[in-house]
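# With the sequence up front, the predicted model follows.
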Amino acid sequence: MTDGDRILTCEHVIVDYDGFKALNNCNFSVHYNELRVVIGPNGAGKTTLLDVICGKTPPTSGTIRFGDGINLVGKNAEDITKLGVGRKFQAPSIYSNLSVWQNLDLSVKRASKGVVPTLVGKSTPVERDRISEVLETIGLTAHAPDRAGSLSHGQKQWLEIGMVILQEPALLLVDEPVAGMSDKETEQTGQLLLRLAEQQAIVVIEHDMDFVRQIANIVTVLAEGTVICEGTVEHVQADEHVREIYLGRAKVAH
Amino acid sequence: MPEPIPAQQDRRVTLSFMVAGFIFLVVIPLLNVLPAEESWLHLSNFRLNQFGKFLAFAILALGLDLIWGYCGVLSLGQGVFFGLGAYCMGMYLALQIGSESVYGSELPDFMVWTQVKELPLFWYPFKSFWGGFLGALLVPMLFALVFGFLSFRSRIKGVYFAILTQALAFAAWLVFNRNETRLGGTNGLTDFKQLLDFRLSDPSTQRGLYIATVLALGAAYLLCRYIVASRAGNVLVAIRDSESRVTFSGYTPWRYKLFVFIVAAGLAGLAGMLYVPQVGIITPAQIGVLPSLEVVIWVAVGGRGTLIGAIVGAVAVNYGRSVLTNYFPEAWPFILGGLFVIVVTLFPDGLVGMLRKVRERLKTTPATPVSKAEEGGTAA
């Protein structure tokens, strides 16, 4: 594939925490409308990778090109969000004391999110339809007026995914969405992500290999801050190097 | 699907607001004017004036509730903004004394005895009522703008912000205590005679000030309610619940904090401006660390994160103080401190939260989720 197909290209990204390199010369790219799964042992730098892309952590060096080649390095989180990168955190990060509807309403992509427009703004019918649509997608229609803090763990995760979708990101970064979910919830989350991948590029970090098999097309294996292998699930699991440093050590199911 | 708006609750709040307005604006002043002084129905001038003072404090509490109760940013320096408002109005009142002063000088008394020969330049705007009025609102807001910009912009939050504001309160107290500040030093500003053309000693003037305070409180409440009900109000709660999520939804949290901090400062200034003519004195003792902390207690006792809680807390705690200090003057600080500990540990939602729980228990129907979401919450 050519560069033109890529929504995200990270080149030689280094994140150095006082000598510890969380990302060490990491090269990573994602195509448009691709669902990419990133796996790797603990401390491999998976979450750090998402952090540098979305602007939470500034990289020590390297470039991160997004969309038409905009370099994200040096931009702050709000600007990167506006450019179209959405981030779903590992622990459910929602507004517990607002209703599910209000959570989604705050997340809708709008021309301005400054104080004054937000103070006087009312949601338009188009926005309300869009929120209803997303409620349907994430299966929380019946919970719209509920306090978000009263949802189950799995529902909170879906709510946050819904909030990120409403930002209409071109690239969605999802950090361990099924940790702590029941099997049924995991299955539903997989279907949700596959549906979403038809609209936008998604990068998912995951540990659960069954879940990875359910959703992954291409898997990237990260270890010690750098990409060591990339390919189909079968290809990655057959790789000697991967078995040695990841599957062998973490004892994850084959 | 329609946006879930608790319409019924909205109507009830509006109705309560009207009823409260009628009681405060009509019934209470009439109880002061109509019944004979011996009648048990009669509300003395002293009580009316005292109540007016409590309602001014309620405006101060509303501001803190916005920034702390809703946005989760604890400010221990609200007394400073209150003091700035109070001093601005106090300076106007001090200049109104004119030749009625003890020394018969056009200058305020304290300037005479501290050998100040000419009115300092910064006193000039306060020769007019509008100077005092606008100053009392704008000086605190401007100060909050600068202080808030510097701290929120540098992402100072949580306990660090609380400590910083406490240091601010202490610094302000020191500055206002100095004679060189030309604001009366430890003795502050007092001995006021008249406001516009009204004699402050006249009961009708005090009645007018009481009514002005009720109207100001009503306006402050409506302003806060508008903010809280708007999407920006939801952003404030969202900042309290998960600031990073707010950032990654495209909002800039520090701008919202700065906005609400400025609004709170303006309300504090308004409260200070109404306090001074009713109480007749403003000194540094009313603007330092302790008065700033007391505001926090009012809001915690009333129920933070609910506007009515801030008002109830301010009035209840101050009324409690006026009663209890009669009987146990020495013990009041301990009672206040104990009250704070009890409320924070046992009733984190304050009086209003407690009443709501009782009401929900009494209702046989299960609580609707909407009313739960409305309740605000305990997370700081």
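Structure received.
# Residues contacting whichever strand or helix holds B:L150, please?
Per DSSP states H and E: B:L150 is located in helix B:129-153. For helix B:129-153, contacts defined as Cβ atoms under 8 Å, 6 or more residues apart in numbering or on different chains pick out B:80-82, B:84-86, B:88-89, B:91-93, B:124-126, B:161, B:164, B:168, B:195-196, B:254, B:257-258, B:261-262, B:264-266, B:268-270, B:272-273. (Glycine included, C-beta is placed from N, CA and C.)
# tell me the contacts of the most centrally placed residue in chain B?
In chain B, the centroid-proximal residue (Cα atoms, centre = their mean) is B:L60; its distance is 0.8 Å. By Cβ under 8 Å, 6+ apart, the contact list for B:L60 reads B:78, B:82, B:267-268, B:271-272, B:295, B:314.
# Could you pull out the helices in the stretch 151-300 of chain B for me?
When secondary structure is read from DSSP state H, counting those that start in this stretch, the stretch 151-300 of chain B shows helices at B:158-177, B:203-229, B:231-241, B:243-247, B:253-279, B:289-302.
# taking the ones you listed together, which one is wrapped up most tightly?
Among the helices of the stretch 151-300 of chain B, helix B:253-279 has the highest mean neighbour count (mean count of other Cβ atoms under 10 Å in any protein chain shown), at a mean of 26.
# Which residues of the stretch 101-250 of chain A lie near chain B?
By Cβ under 8 Å from any Cβ of the partner chain, the part of the stretch 101-250 of chain A that sits against chain B consists of A:101-103, A:105-107, A:109-110, A:113-115, A:118-123, A:128, A:132, A:135, A:141, A:143-147, A:149-150, A:160, A:163, A:167.
# Looking at those, which are in helices?
Of these, the ones assigned to helices by DSSP state H are A:101-103, A:105-107, A:115, A:118-120, A:128, A:132, A:135, A:160, A:163.
# Any of those residues buried? List them.
A:101-103, A:105-107, A:115, A:118-119, A:128, A:132, A:135, A:160, A:163 (16 or more other Cβ atoms under 10 Å in any protein chain shown).
# Of those residues, just say which sits nearest to A:I228.
Of all those, the one with the least separation from A:I228 (Cβ to Cβ) is A:E160, at 29.9 Å.
# Please parse chain A into its domains.
A:1-84+A:174-188+A:204-254, A:93-168 (automatic domain parsing).
# what's the following helix or strand after the host helix or strand of B:V343?
Using DSSP H and E, B:V343 sits within helix B:332-346. Counting by DSSP H and E, the next helix or strand C-terminal to helix B:332-346 is helix B:350-362.
# Please name the nearest non-neighbouring residue to A:I64.
Once flanking residues are discounted, A:I64 sits nearest to A:L72: 4.4 Å by Cβ to Cβ, 6 or more residues apart in numbering or on different chains.
# Which residues are in contact with the one you found?
Per Cβ under 8 Å, 6+ apart, neighbours of A:L72: A:53, A:55, A:64-66, A:80, A:83, A:85.
# how near is it to A:T9?
Using Cβ to Cβ, to the nearest Å, A:L72 is found at 10 Å from A:T9.
# which residues are common contacts for the two?
With contacts taken as Cβ under 8 Å, 6+ apart, the residues that reach both A:L72 and A:T9 are A:64-65.
# quick revisit: could I get the buried residue list for the helix holding B:V343?
Across helix B:332-346, burial judged by 16+ other Cβ under 10 Å covers B:336, B:339-340, B:343.
# of all the residues you listed, which comes closest to chain A?
Ranked by distance to chain A (Cβ to the nearest Cβ), the buried residues of helix B:332-346 are led by B:V343 at 19.2 Å.
# How confident is the prediction for that closest one, by pLDDT?
At B:V343, the model reports a pLDDT of 87.
# A:T226 too?
At A:T226, the pLDDT value in this model is 88.
# Any idea what it is bridged to?
A:A223 (DSSP bridges).
# list the contacts for it?
A:T226 touches A:23-27, A:45, counting by Cβ under 8 Å, 6+ apart.
# Switch those over to CSV; also include pLDDT and distance to B:C224.
Shown next, in CSV, are the contacts of A:T226 (pLDDT from 0 to 100; distance: Cβ to Cβ, whole Å):
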residue, pLDDT, distance to B:C224
A:L23, 88, 46
A:N24, 88, 51
A:N25, 86, 53
A:C26, 88, 49
A:N27, 89, 52
A:G45, 87, 46
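# Who wins on neighbours among these?
Counting neighbours by other Cβ atoms under 10 Å in any protein chain shown, A:L23 comes out on top of the contacts of A:T226 with 29 neighbours.
# That one and A:V15 touch, don't they?
Yes: judged on Cβ atoms under 8 Å, A:L23 makes contact with A:V15 at a distance of 4.2 Å.
# my read is A:S96 is in a strand, agree?
No: using DSSP: H, G, I helix; E, B strand; the rest coil, the assignment for A:S96 is coil, not a strand.
# Any figure for the gap between the nearest residue to B:T205 once chain neighbours are set aside and B:G21?
Distances taken as Cβ to Cβ, 6+ apart place B:F198 nearest to B:T205, at 4.2 Å, with adjacent residues excluded. Distance of B:F198 to B:G21, computed by Cβ to Cβ: 24 Å.
# cool, B:R359 as well?
From B:R359 to B:G21 the distance is 23 Å (Cβ to Cβ).
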